[in-house]
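**Student:** I need the structure of the sequence given here:
(one chain, ligands or ions: 2)
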Amino acid sequence: MTDLFDGLADTGPSRESIADGAVLLRGFAGPIEQELTAAVRDIVARAPFRRMTTPGGYQMSVAMTNCGERGWITDHTGYRYDAIDPRTDLPWPAMPDVFRDLARSAAEQGGYQSFAPDACLINRYEPGTRLSLHQDKDELDLAAPIVSVSLGLPAIFLFGGMKRGDKPVRYRLTHGDVVVWGGPSRLAYHGVAPLAEGEHAALGRQRINLTFRKTR
Ligand code: SIN
Ligand code: FE2
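**Tutor:** Numbering: from 1, shown residues only. Ligands and ions are numbered 1, 2, ... in the order given. Okay, here's the model as predicted:
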């Protein structure tokens, strides 16, 4: 853990339980927003955002890239993690320490010790972009939680149950908010409602989401 989080520990971070095994940490990433956005810029310069195609042949409205040992990709053959960016034929950019430390300390706040993500999916939403309800289940290690960091424009995050048909609860996530889910919530359905029009002071007309996972 870096010194950057010491202040938060002193004041006691805001921790809202949203389901069994799931917490919403409001503003948790706020103190390091500049380091995070600089790191995102650096990654995107080397592994650009792209809209991938689902196995069913649809182009996703969310634009994605990755950093870390492995990146999540989808194409006509299916969903998977791969060490190589198919766009550049190079390994994904390394996961910055500031990402790793943030993910670990957020997971700790959620009750998950020693979270060591090997993948960070970076999602870019523009107004109108949505992500339909899904489970994160391409990872081999379901004992590790998912840590999800919101930057930029606010979004309505949908957090449902174990069945696609379970009615999701809506949470408004803003710049710096972090959601952690694992244990009994690890396979909860979740998604993002169409992003509303807006302009964020630091990030402009977009929302960036970092999703940390331990894939194996
Ligand atoms: C995801 O489920 O991969 C992203 C969720 C989000 O953008 O908040
Ligand atoms: Fe997801």
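**Student:** mind listing the helices for this structure?
**Tutor:** 6-11, 33-46, 97-109 (DSSP state H).
**Student:** pLDDT averaged over the second one - what is it?
**Tutor:** It stands for helix 33-46. Helix 33-46 shows a mean pLDDT of 98.
**Student:** same thing with the last one?
**Tutor:** Confidence over helix 97-109 (mean pLDDT, whole number) is 98.
**Student:** Buried residues in that helix, which are they?
**Tutor:** The neighbour-count check on helix 97-109 (16 or more other Cβ atoms under 10 Å) flags Val98, Phe99, Arg100, Asp101, Leu102, Ala103, Arg104, Ser105, Ala106, Ala107, Glu108, Gln109 as buried. Glycine gets a C-beta too; all of them are placed from N, C-alpha and C.
**Student:** Is that helix positioned near ligand 1?
**Tutor:** No. Counting by Cβ under 6 Å from any ligand atom, ligand 1 has no neighbours in helix 97-109; the shortest distance is 13.5 Å.
**Student:** Would you mind listing the outside residues contacting that helix?
**Tutor:** Here helix 97-109 makes contact (Cβ atoms under 8 Å, 6 or more residues apart in numbering) with 1-2, 4-5, 13, 15, 23, 25, 28-29, 32, 35-36, 39, 67, 113-117, 120, 145, 147, 149, 178, 180, 182, 210, 212.
**Student:** Output that helix as PDB, restricted to C-alpha atoms.
**Tutor:** Output of helix 97-109 as PDB, limited to C-alpha atoms (Å, rounded to 0.1, in the frame of the first residue of the first chain):
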ATOM      1  CA  ASP A  97       2.000   0.300  -9.500                       C
ATOM      2  CA  VAL A  98      -0.600   3.000  -8.800                       C
ATOM      3  CA  PHE A  99      -3.300   0.700 -10.300                       C
ATOM      4  CA  ARG A 100      -2.100  -2.400  -8.500                       C
ATOM      5  CA  ASP A 101      -1.900  -0.600  -5.100                       C
ATOM      6  CA  LEU A 102      -5.300   1.000  -5.600                       C
ATOM      7  CA  ALA A 103      -6.900  -2.400  -6.500                       C
ATOM      8  CA  ARG A 104      -5.300  -4.100  -3.500                       C
ATOM      9  CA  SER A 105      -6.300  -1.500  -1.000                       C
ATOM     10  CA  ALA A 106      -9.900  -1.300  -2.300                       C
ATOM     11  CA  ALA A 107     -10.200  -5.100  -2.200                       C
ATOM     12  CA  GLU A 108      -9.000  -4.900   1.500                       C
ATOM     13  CA  GLN A 109     -11.700  -2.400   2.300                       C
END
